[in-house]
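In: Got a predicted structure here, sequence first:
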Amino acid sequence: MTQPAAVLPWRTRANLWRARAETAVREHAGVLHLNMAGMSRKDAARWKSARTMADLGELVIEWLHGEITQTPGHCAPPCDETLPLIPALTVINRGGFVTDNSQLAEVVDGDAWGTDVSGFVTDSTLAKIQAAADGTDLVVIACRGRHHEHRQKFRWQPCPRRDVTDFWATACPDASDALWATWWVYVEDPVNGRNDLLWPALAAALG
Ligand SMILES: [Zn+2]
């Protein structure tokens, strides 16, 4: 199985790239290396065993805790920036939001960016996320097929949903129908450096 380089291709914000260009290059090189090596047979078997969204959420939690090395879309263990987010990500994944990417808000050498998380959700989980975001600064973007639910102009061209979902559906064939039925959702706090809104809000909504 060819493992696609799925890490960060759609992150185009100039502030992120300026601050992290070197890291991104190193990470990307690492991803390419791992891609050529492929996912381990053990990891591949775990992902192949998934049948439901709940199964996928539990596997992401295993990856967060080091029991699985790769996800279908992230070909390495969690990045350092993910470590502080593991408690919240665990609650969120167990609550139905199967996450495929996240970013810690940081301020580094005068550059700064907000926190965000993306992944797969059913209609009912999307409703909980949207309710949690209502009345806050949180931005929620959701895509299923050609349908987009946006709170702002869609910023990615093209939309990453199809590629991202395809990585997961390929690695998890018995969960493929469930994945293609989900919304790919992206939640962002646009306030640079702030981590204490999005994570508590999602954990409370999905916990
Ligand atoms: Zn889309």
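Out: All right, it came through fine.
In: W199 in helix, strand or coil?
Out: Judged by DSSP: H, G, I helix; E, B strand; the rest coil, the three-state class of W199 is helix.
In: That one is in contact with T90, isn't it?
Out: No: W199 is beyond contact range of T90, at 11.3 Å (criterion: CB atoms under 8 Å). In short, each C-beta sits where N, CA and C put it, glycine included.
In: of these two, who's got more company?
Out: Set W199 next to T90 and count neighbours by other CB atoms under 10 Å: W199 wins out with 23 against 17.
In: which one is that one nearest to, not counting chain neighbours?
Out: Excluding its sequence neighbours, the residue lying closest to W199 (CB to CB, 6 or more residues apart in numbering) is A88, at 4.1 Å.
In: P173 versus the one you found, what's the distance?
Out: Distance, A88 to P173, by CB to CB, to the nearest Å: 30 Å.
In: So for the two, which residue has more residues nearby?
Out: Each of A88 and P173 has its neighbours counted (other CB under 10 Å); A88 has more, 21 against 13.
In: ok, back up a step: which SSE is the residue nearest to W199 in?
Out: Taking DSSP states H and E as the criterion, A88 maps to helix 86-94.
In: could you give the mean pLDDT of that helix?
Out: The average of the pLDDT scores along helix 86-94 is 98.
In: Next, the buried residues of it.
Out: Within helix 86-94, the residues scored as buried using 16 or more other CB atoms under 10 Å are 88-93.
In: what do you get for stretch 123-132?
Out: Applying 16+ other CB under 10 Å to stretch 123-132 flags 125-126, 128-130, 132 as buried.
In: tell me how far that stretch is from the chain's mean position?
Out: Averaging C-alpha positions (CA atoms, centre = their mean, to the nearest Å) puts stretch 123-132 16 Å from its chain's average.
In: got the CA positions of that stretch in CSV?
Out: Provided in CSV are the C-alpha atoms of stretch 123-132 (Å, rounded to 0.1, in the frame of the first residue of the first chain):
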residue,chain,number,x,y,z
ASP,A,123,-24.2,14.5,11.6
SER,A,124,-25.0,14.2,15.4
THR,A,125,-21.4,14.9,16.4
LEU,A,126,-21.2,17.9,14.0
ALA,A,127,-24.3,19.3,15.6
LYS,A,128,-22.7,19.1,19.0
ILE,A,129,-19.5,20.8,17.7
GLN,A,130,-21.5,23.6,16.1
ALA,A,131,-23.5,24.1,19.3
ALA,A,132,-20.3,24.3,21.3
